[in-house]
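Asks: Return atomic coordinates for the entry below.
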Amino acid sequence: MPILKKHLLALLITSSTCLLFTSKTFASDIKLNRIAGQDRFETCSSIADSGWTKSDYAILVNSEMYADAVVSSPLADKYKAPILLTGKDNIPDIIVDKLNKLRVKKVFILGGPSLISKNVEEQLENMGISIEERIAGQDRYETAVKVASHITNPNNSIYVVNGEDWRNALAISPIATISHSPIIFTNKDGVPDVVKNNIDNTNHTYNIIGEKDDYDFLNNIEQHLGGKHIRTLGYNKVDTNIQVYNSFKDKMKLNKVYLASSKAFADGLCISPLAGGDKSPLFFIDEDNINEFKDFLDENEKYIGEINVIGGQGVIADSTLQTLLKSNTTASINNSDIINNSKGNGISDTNKDNNENSNEYQDTNNYENNNSITPIMGQSQVSVEQCEKFLRKRNPNAPYLANIYKKYCDIYGIRLECAWVQMCLETNFLRYSDTSITTLNMNNYAGLGALDNNGRGQALSFSTEDEGVRCHIQHLFAYSSKNTLPDGELLIDPRFKLVQRGCAPNIEDLGNGKWASDKEYANKLLSLLNQLNDN
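Replies: Here you go, the predicted model:
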């Protein structure tokens, strides 16, 4: 890569005709390079320039087929080869020049003749380049399986993504490259027979990359593929991308980062072998909503020395980069990380660290109550994404629960934000502690049944996350409403009938010995609610 002087921020277009933009003065010491061209073929050529001066091999894929490109990254790494794009019937001149410049001798072609025709084979042969192998299946699922057969896979690890979307596959491809492991496709309709017949093995570890609410995709894998299953899930594609880094960061170095658009797959197709070779993560941003990645960048900026932007201004604009790198000093979160409250009525209790004056929470008066009321029942005012972002800022490793909370809040008419901040307060943002009355594996998110000083003897435990959330919402419903349970809902809260129904319709009512004996309990919830709304 071009060497830039320390603290110099330059946008560098590296293409067949290298153009150097003037320096940009951004409020950051991160070096910023742009690898781009006039089209996907020039961008691909620029990526090859950035990582290779010579290569005996190249991987040739159709420029319209993201599936073949992303699964070929571990294969490219095996042969220390770049991925190069081609048209169906003709290799563009700039790719021909790149093949010649790199002195490529052998080429793997990914895809059948309907994707890369015999004309391309003849063009290569006329250049003195031999076809090492054409790897092709009847569809993307079989092609991925055939590529997998060429991968050494020393750890018996397989990365599984939904074959109907390119972003998760591309996000995991540098990791697959680093670990020399294949990428396999399934979909929400089931695990294709070609995958079950060739990949299913109880010795395998399946790293499943997807979204929390993609239930069919997730369930199909666990039903049809034996072996160990490890999920890396987000609540949308950008968040999944960040969770991929969080899950596999021990394999990577954050000092160099590659950044692509979440809307333009073509520019990112060739980057995986380069990112994997650098042991660097590949991130996506959505220009319509850059906040998620900006939050990640703000938290990790001190570790990042260089960002390599893939694609031109039309893909990721300078103004977007300037917004991302602009200094954004955020307030300390210590005041919102609450450890403990103690209860009075024995109906439920929170986790005990018994430090109500903890330095982690000193802003109970920041919420201007002014004798207003905050009803627990009603229309939710926050999104699932907003809740997860709020939690993950305090606990990046927390399980994903917001979709489950949203489901039961909608059924019971509880405002999602009220239940969510109560869960955060009761569980110390799902961090618990060695002295907590409840623990994460109990799936008890509201301290239900935990009495003062009784240890864990009477605290309720639930078999699943879903059951634990459902019971929390039922218990909160008992306090906030006198209505009967919604149609179709069974009573699972064993302490439901111990509650004086409707005694706490508002957040302000939950303290003073009703839900909790802590006189500041309601204020702490209100403060967290205020922060969630500002999130």
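Asks: Quickly find the element holding residue 266.
Replies: Secondary structure assignment for residue 266, by DSSP states H and E: helix 265-268.
Asks: I'd like the next helix or strand past that helix.
Replies: Later in the chain than helix 265-268, the nearest helix or strand by DSSP H and E is helix 272-277.
Asks: after the helix or strand bottoming out on mean pLDDT in the chain, next one along is what?
Replies: Every helix and strand in the chain was compared by mean pLDDT, DSSP states H and E; the lowest is strand 19-23, with a mean of 31. Proceeding N to C from strand 19-23, the next assigned helix or strand is strand 31-35, under DSSP H and E.
Asks: Kindly spell out which helices and strands sit in contact with that next one.
Replies: Packing contacts for strand 31-35, counted by 3 or more Cβ pairs under 8 Å, 6 or more residues apart in numbering; DSSP states H and E, involve strand 10-13, helix 40-51, strand 306-310. For the C-beta atoms, the positions are set from N, CA and C on the backbone; glycine is no exception.
Asks: please redo it, this time with the cut-off set to 10 Å
Replies: strand 10-13, strand 19-23, helix 40-51, strand 256-261, strand 306-310, helix 318-325 (3 or more Cβ pairs under 10 Å, 6 or more residues apart in numbering; DSSP states H and E).
Asks: Mean pLDDT lowest where, among those?
Replies: Of all the helices and strands packed on strand 31-35, the minimum mean pLDDT falls on strand 19-23 (a mean of 31).
Asks: Now find how far off-centre the helix or strand containing residue 119 is within its chain.
Replies: Following DSSP H and E, one finds residue 119 within helix 118-126. Averaging C-alpha positions (Cα atoms, centre = their mean, to the nearest Å) puts helix 118-126 41 Å from its chain's average.
Asks: Was I right to think residue 118 contacts residue 89?
Replies: Yes. Here residue 118 reaches residue 89: they are 9.0 Å apart, a contact under Cβ atoms under 10 Å.
Asks: So in this protein, which helix runs the longest?
Replies: The single longest helix within the chain, with elements called by DSSP state H, is helix 465-480.
Asks: for the next helix or strand after that one, which positions count as buried?
Replies: Next in sequence after helix 465-480, counting helices and strands by DSSP H and E, comes helix 521-534. Neighbour counts over helix 521-534 (16 or more other Cβ atoms under 10 Å) mark 521, 522, 523, 524, 525, 526, 527, 528, 529, 530, 531, 532 as buried.
Asks: quick check, nearest of these to residue 449?
Replies: residue 521 (17.4 Å; Cβ to Cβ).
Asks: which residues does the residue nearest to the closest one when sequence neighbours are not counted contact?
Replies: Distance criterion Cβ to Cβ, 6 or more residues apart in numbering; nearest residue to residue 521, sequence neighbours excluded, is residue 511 at 4.0 Å. Contact criterion Cβ atoms under 10 Å, 6 or more residues apart in numbering gives 341, 344, 504, 517, 518, 519, 520, 521, 522, 523, 524, 525 as the residues in contact with residue 511.
Asks: and with 8 Å instead?
Replies: Counting by Cβ atoms under 8 Å, 6 or more residues apart in numbering, residue 511 touches 517, 518, 519, 520, 521, 522, 523.
Asks: which of those residues has the weakest pLDDT?
Replies: Lowest in pLDDT among the contacts of residue 511 is residue 517, which has 72.
Asks: Give me the distance between it and residue 168.
Replies: 47 Å (Cβ to Cβ, to the nearest Å).
Asks: between these two, which one's more packed in?
Replies: The neighbour count for residue 517 versus residue 168, taken as other Cβ atoms under 10 Å, is higher for residue 168 (28 against 17).
Asks: for stretch 236-254, which positions count as buried?
Replies: Neighbour-count burial for stretch 236-254 flags 236-245, 247-248, 252 (criterion: 16+ other Cβ under 10 Å).
Asks: From these, pick the one nearest residue 224.
Replies: Nearest to residue 224, judged by Cβ to Cβ, of those is residue 240 at 21.8 Å.
Asks: Give me the spatial nearest neighbour of that closest one, chain neighbours excluded.
Replies: Distances taken as Cβ to Cβ, 6+ apart place residue 234 nearest to residue 240, at 3.2 Å, with adjacent residues excluded.
Asks: Over to residue 102?
Replies: residue 55 (4.8 Å).
Asks: Now for that neighbour: which residues touch it?
Replies: By Cβ under 8 Å, 6+ apart, the contact set of residue 55 is 80, 81, 82, 102, 103, 104.
Asks: I'd like the helices and strands packed on strand 31-35 as CSV, with mean neighbour count appended.
Replies: Listed next are the helices and strands packed on strand 31-35 as CSV, based on neighbours: other Cβ atoms under 10 Å:
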stretch, mean neighbour count
strand 10-13, 20
strand 19-23, 11
helix 40-51, 24
strand 256-261, 24
strand 306-310, 24
helix 318-325, 18
